[in-house]
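Student: structure of the sequence below:
(one chain, ligands or ions: 2)
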Amino acid sequence: MLRAYRSSDVAAAERPLLEAGVPLMERASFAVATVAARELKRRGHTVTGSRILILAGGGNNGGDALYAGAVLARRGAAVDILRAGDTVHEEGLRAALDAGARVLPEDHVATAARAAGLWIDGLAGLGLRPPLREPLAGLVTLLEQERDAAPDEPIVIAVDCPTGIGIDDGGLPGPALRATVTVAMAVPKPGLLAPPASRLCGRVEVADIGLAIAEPPAVATLTGADVADVLREPDESDHKYTRGVVLLGTGSPEYPGAAVLTAGGALGGGAGMVRLDSPEVAHLVLRSYPEIVLGMGRAQAAVLGSGVPVSDIERLRAPLDRALDEQYPVVLDAGALALLKDGYADLPSTAVLTPHAGELAELLAARGEGLTRQEIEAAPIRAVRLAATVTGATIVLKGSTDLIAGPDGPVYAQPARSHWRATAGAGDVYAGLLGALLAGVGEEISRAGHGYGQPALLAAAASWIHAEAAHSNGPIRAGQIADRIPAAIAGALHG
Ligand SMILES: NC(=O)C1=CN([C@@H]2O[C@H](COP(=O)(O)OP(=O)(O)OC[C@H]3O[C@@H](n4cnc5c(N)ncnc54)[C@H](O)[C@@H]3O)[C@@H](O)[C@H]2O)[C@H](O)CC1
Ligand SMILES: [K+]
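Tutor: Numbering: from 1, shown residues only. Ligands and ions are numbered 1, 2, ... in the order given. Sure thing, here's the model as predicted:
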């Protein structure tokens, strides 16, 4: 699991180590130099003979970059230093100069940026409160222009974070310097995992500088190994009812395919049984999946609303109320979200809402929180947290990175593995899959009670599986994503 911590938590954890004289900066700069050397090698270059630009801001982030420049200069690189800011880390500067680096005259920035094959961004890290002010804002804009104009894009190594991103909220409130690789010191920070800031980070590598944080993380990303831990494999004591029955209230004459796709997601996700309570489209679903049974009945989880137009949502009220009364998990997708605009003031965390940004804005507005769609997209971690707090439910904001928040616990950020998955019906498959995961551990969820964070964890696992199933180098249909779920789960379990 990648665990991201806010800058204040990292600074608090660093303090006692720094007071004890632990050489954190040496370790950090060594990690940066190592990554830089490796990236050069990857592109067929050696450190010796390469031209490297050190972007050194006024804080310790600049210190890391300067010491890294010293290491690389000693290994034979031609190192140019851009001093950005009135002050600079003096010992770092001395080390770099002693190793043979040179400080650039101010008007040489563009020329030096063009000449360098690798930039090290030490303009600002944890100490930055974005948006960038001048002169850094202008400098970053200029560097972005130089990069775009360069025939060979330079490698950009961001020290701790790309300068300018909202390190704690994942926002992009102004100019920021896109990175090829971000070397996160000790732990990632929320903006390295969550969009829109995460899109500028390139590959994120975590440098072990000997600092551990015990607190629960602010943002987390599950890996395949975490998903294997979360899934419950059937054993000899299982039968279809213990595996979990998923009730679907999905699809309609207007959107019949949504019933087929949610059924495919639930069956692919390993449900013991899938019931469909949408008589008008049942014949169609049966043609693809003769495994399903028809009508209401006992269930361990329900999936409601996918492909149900707002004109038809009253039919979802009975299955929703039943799930809430019997305290089993319920996924509320598309049309079902409109039911929540009146009443349902206090939902349990086992109600999992899967809105897109526009639907989330409407949901929040109905609860007196005026966030526009644009504001949600600009700082989505904050929006999902707020929505989980005001509804009590678990929120899944789907996108190229899915963001998942429960009323407590971390926000999970689960990235897509390929953007081909942005296709109609992929969300329906997700809803069905999530229903299967929630049904498979339904009893444990009730016993654990609300607020335990488990529905959010399962929703994050569903996101990982969905991303894996949709991983493709070319177009993929939603139905194919459903078909590939079993292999994705098998890969997580037995990789
Ligand atoms: N603490 C340590 O010894 C270690 C820290 N590491 C690295 O240090 C940075 C954090 O360093 P800090 O000195 O706290 O601040 P920064 O260098 O990130 O940046 C502050 C820098 O930026 C200026 N600034 C702040 N806001 C703005 C703004 N909106 N516009 C323009 N300029 C701004 C501010 O004035 C300062 O000059 C951490 O990220 C690590 O890289 C080591 O990794 C470990 C040891
Ligand atoms: K930086």
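Student: mind listing what residue 174 touches?
Tutor: By CB atoms under 8 Å, 6 or more residues apart in numbering, the residues touching residue 174 are 130-132, 137, 164. Bear in mind the C-beta positions are built from the backbone N, C-alpha and C, glycine included.
Student: can those residues go into TSV with extra columns for pLDDT?
Tutor: What follows is these, written out as TSV (pLDDT from 0 to 100):
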residue	pLDDT
130	93
131	96
132	97
137	97
164	98
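Student: just the buried residues from those, in PyMOL please.
Tutor: In PyMOL, this line selects whichever of the contacts of residue 174 come out buried by 16 or more other CB atoms under 10 Å:
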select buried, resi 130+132+137+164
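Student: so which of the contacts of residue 174 reach ligand 1?
Tutor: Counting by CB under 6 Å from any ligand atom, 130, 132 from the contacts of residue 174 sit close to ligand 1.
Student: among the contacts of residue 174, name the ones in helices.
Tutor: residue 137 (DSSP state H).
Student: what is the neighbour count of the residue in the stretch 201-350 of the chain that ligand 2 sits nearest to?
Tutor: Using CB to the ion, residue 201 is the residue of the stretch 201-350 of the chain that sits closest to ligand 2, at 10.6 Å. For residue 201, the neighbour count with other CB atoms under 10 Å is 23.
Student: tell me the contacts of it?
Tutor: Contacts of residue 201 (CB under 8 Å, 6+ apart): 158, 161-162, 165, 179, 182, 191-192.
Student: do the same with residue 437
Tutor: 230-231, 269, 458, 461-462.
Student: what's the residue nearest to residue 240 when sequence neighbours are not counted in contact with, if anything?
Tutor: Nearest residue to residue 240 in three dimensions, chain neighbours excluded: residue 272, at 3.7 Å (CB to CB, 6 or more residues apart in numbering). For residue 272, the contacting residues are 238-245, 439-440, by CB under 8 Å, 6+ apart.
Student: mind giving me the ChimeraX select for those residues, buried ones only?
Tutor: Buried subset of these, written as a ChimeraX selection, criterion 16+ other CB under 10 Å:
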select :242,243,244,245,439,440
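Student: which two of the contacts of residue 272 have the greatest separation?
Tutor: 239 and 439 (13.7 Å; CB to CB).
Student: what strands flank whichever helix or strand residue 55 is part of, and is each parallel or antiparallel?
Tutor: Per DSSP states H and E, residue 55 falls inside strand 51-56. Paired neighbours of strand 51-56 in the sheet (DSSP bridges): strand 78-83 (parallel), strand 118-122 (parallel).
Student: any chance of these in JSON lines, plus distance to residue 359 and mean pLDDT?
Tutor: Converted to JSON lines, the strands paired with strand 51-56 look like this (distance: least, CB to CB, whole Å; pLDDT from 0 to 100):
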{"stretch": "strand 78-83", "distance to residue 359": "45", "mean pLDDT": "98"}
{"stretch": "strand 118-122", "distance to residue 359": "37", "mean pLDDT": "98"}
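Student: quick check: buried residues in stretch 405-424?
Tutor: By neighbour count with 16+ other CB under 10 Å, stretch 405-424 contains the buried residues 405-407, 409-416, 420-421, 423.
Student: domains of the protein?
Tutor: Following automatic domain parsing, the chain resolves into domains at 2-220, 224-494.
Student: may I have the distance across the shortest one, first residue to last?
Tutor: Separation of the first and last residues of domain 2-220 by CA to CA, to the nearest Å is 5 Å.
Student: could we number from 58 for the rest of this?
Tutor: In the new numbering, first residue 58, that becomes domain 59-277.
Student: return the distance of that domain from the chain's centre.
Tutor: 22 Å (CA atoms, centre = their mean, to the nearest Å).
Student: name the nearest residue to the residue of the stretch 258-407 of the chain closest to ligand 2, sequence neighbours excluded.
Tutor: In space, and not counting its chain neighbours, residue 258 is closest to residue 239: 4.3 Å by CB to CB, 6+ apart.
Student: repeat for residue 443
Tutor: Nearest non-adjacent residue to residue 443 (CB to CB, 6+ apart): residue 426, at 6.2 Å.
Student: still on that earlier bit, so what's the residue nearest to residue 258 bridging to?
Tutor: Beta-bridge partners for residue 239, by DSSP bridges, are residue 215, residue 261.
Student: list the contacts for it?
Tutor: 214-215, 217-219, 249, 258-262.
Student: mind redoing it with 10 Å?
Tutor: By CB atoms under 10 Å, 6 or more residues apart in numbering, the residues touching residue 239 are 92, 178, 213-219, 222, 245-246, 248-249, 255, 257-263.
Student: any idea how far residue 495 is from residue 387?
Tutor: The gap separating residue 495 from residue 387 is 8 Å, by CB to CB, to the nearest Å.
Student: shared neighbours of these two, anything?
Tutor: With CB under 10 Å, 6+ apart as the test, residue 495 and residue 387 both reach 358-360, 407, 409, 512.
Student: one step back: pick out the most distant pair among the contacts of residue 494.
Tutor: Pairwise across these, and taking CB to CB, the largest span is found between 287 and 326, at 12.4 Å.
Student: give me the more crowded residue out of the two.
Tutor: Taking neighbours as other CB under 10 Å, residue 287 and residue 326 compare with residue 326 leading, 32 against 19.
Student: got phi/psi on the closest residue to that one other than its chain neighbours?
Tutor: Once flanking residues are discounted, residue 326 sits nearest to residue 493: 3.0 Å by CB to CB, 6+ apart. For residue 493, the backbone dihedrals are phi -60, psi -40 (criterion: degrees, to the nearest 10).
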